[in-house]
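K.L.:
Sequence and computational prediction follow.
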Amino acid sequence: MSAINKYPAESVDKKEKREHAVDGLEAGDESDGPLSFTALIQEDHKHEIKLRTMSWQKAAWLLAGDQVCLAIMAQTWSLSVLGWVPGIITMVGAGILFWITSITMHKFIMKNPQIKDICDFGYEVFGKSKVAYEWTGFMLLANNILLIGFHVLTGARVINTLSDHSQCTVVFSVICTLMGIVMSLPRTLKHVSFMSMFSAACMGIAILLFLVFAGIEDAPLYGYNGDYPTDGLVRTYAFPLPGTTWVNCMNAVLNITFLWVPQILFPTFISEMERPQDFPKSLAVLAGISVFLFIVPPAIGFRYLGQYSTAPAFGSLGVVAYKKASFAFVIVPTLVIGVIYANVSAKFVYFRIMGKSHHAHSNTVIGWGVWAAVMAGIWIIAFIFSEVVPSMGDFLSLLGAAFDSFFGFIFFAVAYWEMYKRELFKGLGRSIMTVIHVFVMAVGLFLLGPGLYAAVEAIIGDYSGGTRPAFSCANLAI
C-alpha cells in the first residue's frame, strides 16, 4: 500500500513476464505490476523520515526480539499436558509449517511490492477486496492491542514478584504503560531493532537462569494440581495423563501453535527493509533460534518440573530467590515486544489519518504530535483491556483461534492458490507443496473451529471459578 493511499495501489496484469528479474530475485518471482521495490525505495528515500532502510541483519534481530519471549516458558506446561510424543510432534510440525507459510508469504509480497502491512496482504490475496482490507485491519488492531495489554499485565506481574507486592498492581500497570509509550516513540523499525537485540539477550539470560535453577533445586514448589509432593514425585510421560481433558489438550496445542505464528508482523518488517528480497536470510536466522529455544528449554524444564509445570515455568521454581533472579530479566522483552506490536499497529492507524499530507514523512510538530497521540492511544486502550478483562491468557487464546488461524495459515494457503492456481500439480515438487498448503488450510480451519471452541470453554471454566475484578490491586506475583 502506498503510504499516502487508503488501499494498496492496483496491480496491472501483463500478458508476458518481464524479461529481467528484480535485483536479487529469480525470474518469475518479481512484481507483475507497475511498482517495483526499487521505485518504492527511491520514493521513500526522498522523504525526511525514511522507513525502507533496514538491513536483513537488523530485520533478523527484530524478528528475534519478537519471538524470543515469555511464551517460550509456557511450552513446558504444554509438554506436561500433552506428554513427550504429541508435544514434540506438535512443536516440530508447527515449526515446519511456520517456515513454509512464511516463504509463501514472502514470495507473494515479491510479486506485489505495494504490500505494506498484513491488511494490504489480505486486500491483495482476496481479490483486492476492500471488505477484506477493513476486516483484516480490525483483526490486526484487536489482536495487537490485546497482546500489548497482555504485556502490560505481564510487566505488572514481574514488578509484583520482584517487589513482593509493594504497591497496588494497577500502579505497576500504569508504570509499564508509560514506559511502553516512551519506548514506542521511534518511528522506524530500524531503531526498534536495536531494542530487540537487548530484549532477546535478556530473555536468553532469563531462560538460562531458569534451566540452571530448575536443575539444581531439590524439587519444584508448586503445580496446578497442588504443592509438591501432593501430586507425587516429579515424573515425565510419553502421552497425556489419564483424566486430561480434550479442552486442556487443545489449549496446549494452541499454546504451541500460536508461538509459531508471528506472520502478522512480517509484511510490515519486509516493507521497511532496504532489500526485501533478503528477508529469507532474516527468516533463516529466526528459524534456527526458534527451533532451539522453542523445543530444548521447554523439554529440559519438563524433565525437572514434570507434572508440576506451570505457565510460565518460573512459577514452579521452589526457591523464591531463584524465581526472582530469573523472572527479573523478563521485564525487558515484555516491554520491547509490546513496542514492536505497537509500532506495527500505530503505522496502520497513522497513515490512515495522515493520508497524503507531507507531515506523514517529515519531522514536523504535526507529524510527531499525531504519531505520539496514536501511540499513546494504543497503549492506553491496551492498559484498559489489561485491567478489565478477567482472564487475559484465555482471552488471548480466543483471539488467537479467531484471528491467528487467518494470519498464520488461511491467508497463506489462499496466497499459494493465487500464485500457482494454474500449475498446482506441475511436477512432483509443486504437487507436494500443493498438498502441504491444503493441509495448511485444514489446520487453519481446525483452529478456527475446534480451537475456538476450546478457548471459549476455557474462558467459561475461568468464570465459573471466580474472576479478578476490574482495576484490581490484587497480588499477581507468580
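P.N.:
Sure, I can see it.
K.L.:
average model confidence for the helix or strand encompassing A373?
P.N.:
Here A373 is covered by helix 365-388, with elements defined by DSSP states H and E. Mean pLDDT, taken over the full extent of helix 365-388, equals 95.
K.L.:
The stretch 151-300 of the chain: strands as residue ranges?
P.N.:
Assigned by DSSP state E, counting those that start in this stretch, the strands in the stretch 151-300 of the chain fall at 222-223, 226-227.
K.L.:
Out of these, which one sits most buried?
P.N.:
The highest average neighbour count among the strands of the stretch 151-300 of the chain, using mean count of other C-beta atoms under 10 Å, belongs to strand 222-223 at a mean of 20. Glycine gets a C-beta too; all of them are placed from N, C-alpha and C.
K.L.:
Contacts for it next, please.
P.N.:
Contacts of strand 222-223 with the rest of the structure, by C-beta atoms under 8 Å, 6 or more residues apart in numbering, involve Y228, D231, L305, Q307, Y308, S309, T310, G315, S316, G318.
K.L.:
Sort out for me which of those residues are in helices.
P.N.:
Judged by DSSP state H, helices contain the following of the contacts of strand 222-223: L305.
K.L.:
Can you tell me which of the contacts of strand 222-223 is closest to L286?
P.N.:
The closest of these to L286 turns out to be S309 (C-beta to C-beta; 25.7 Å).
K.L.:
ok, the closest one - contacts?
P.N.:
Here S309 is in contact with T76, W77, L79, S80, G223, G301, F302, S316 (criterion: C-beta under 8 Å, 6+ apart).
K.L.:
likewise L97?
P.N.:
Each residue near L97 by C-beta under 8 Å, 6+ apart is listed here: W260, F409, V440, V443.
K.L.:
any low-confidence regions in this protein?
P.N.:
Applying pLDDT under 70 to the chain flags residues 1-35, 390-393, 465-467.
K.L.:
one more time with 80
P.N.:
Counting by pLDDT under 80, the chain contains low-confidence residues at 1-35, 389-400, 458-459, 461-469.
K.L.:
which one's the longest helix in it?
P.N.:
Of all the elements of type helix in the chain, the one with the most residues (DSSP H) is helix 130-163.
K.L.:
Just the buried positions in that helix, please.
P.N.:
Neighbour-count burial for helix 130-163 flags 132-133, 135-137, 139-141, 143-162 (criterion: 16 or more other C-beta atoms under 10 Å).
K.L.:
if I look at I264, how far off is C119?
P.N.:
Between I264 and C119 the computed distance is 10 Å (C-beta to C-beta, to the nearest Å).
K.L.:
between the two, what contacts are shared?
P.N.:
With C-beta under 8 Å, 6+ apart, I264 and C119 have common neighbours L140.
K.L.:
I'd assumed N475 was in contact with T161.
P.N.:
No: counting by C-beta atoms under 8 Å, T161 does not reach N475; the two are 9.2 Å apart.
K.L.:
before we move on, the earlier item: which one, of the strands of the stretch 151-300 of the chain, ends up nearest to V291?
P.N.:
Once C-beta to C-beta is applied to the strands of the stretch 151-300 of the chain, the stretch that comes out nearest is strand 222-223, at 27.6 Å.
K.L.:
Could you list the paired strands of the closest one along with their orientation?
P.N.:
Strand 222-223 sits in its sheet next to strand 226-227 (antiparallel), going by DSSP bridges.
K.L.:
Of all pairs in the contacts of L97, which one is the farthest apart?
P.N.:
In terms of C-beta to C-beta, these reach their longest pairwise distance at W260 and V440, which sit 12.3 Å apart.
K.L.:
And the residue nearest the centre of the chain, how far from G180?
P.N.:
Nearest to the mean C-alpha position of the chain, counting by C-alpha atoms, centre = their mean, stands P262 at 3.6 Å. Distance check for P262 against G180: by C-beta to C-beta, it reads 19 Å.
K.L.:
V247 now?
P.N.:
For V247, the distance to G180 (C-beta to C-beta) stands at 33 Å.
K.L.:
Look at these two and report which has more neighbours.
P.N.:
The neighbour comparison of V247 against G180 (other C-beta atoms under 10 Å) goes to G180, with 25 against 17.
K.L.:
pretty sure that one is touching I337, no?
P.N.:
No: taking C-beta under 8 Å as the contact criterion, G180 and I337 are not neighbours in contact, 10.1 Å apart.
K.L.:
Quickly list what's touching both of the two.
P.N.:
Common contact partners of G180 and I337 (C-beta under 8 Å, 6+ apart): H151.
K.L.:
Closest to S282 out of the contacts of strand 222-223?
P.N.:
Proximity of these to S282 (C-beta to C-beta) peaks at S309, which lies at 32.1 Å.
K.L.:
measure the closest one to C119 for me?
P.N.:
Going from S309 to C119 by C-beta to C-beta gives 38 Å.
K.L.:
next one: E423
P.N.:
Distance, E423 to C119, by C-beta to C-beta: 28 Å.
K.L.:
same deal with D66?
P.N.:
On the measure of C-beta to C-beta, D66 and C119 end up 18 Å apart.
K.L.:
go on, V125?
P.N.:
In this structure, V125 and C119 are separated by 11 Å, where distance is defined by C-beta to C-beta.
K.L.:
Kindly report the same for L254.
P.N.:
In this structure, L254 and C119 are separated by 24 Å, where distance is defined by C-beta to C-beta.
K.L.:
what's near enough to touch I353?
P.N.:
I353 is in contact with V370, V374, counting by C-beta under 8 Å, 6+ apart.
K.L.:
SS state for it?
P.N.:
When classified by DSSP: H, G, I helix; E, B strand; the rest coil, I353 comes out as helix.
K.L.:
now swap in the one 3 residues further on and tell me
P.N.:
Judged by three-state DSSP, the three-state class of K356 is coil.
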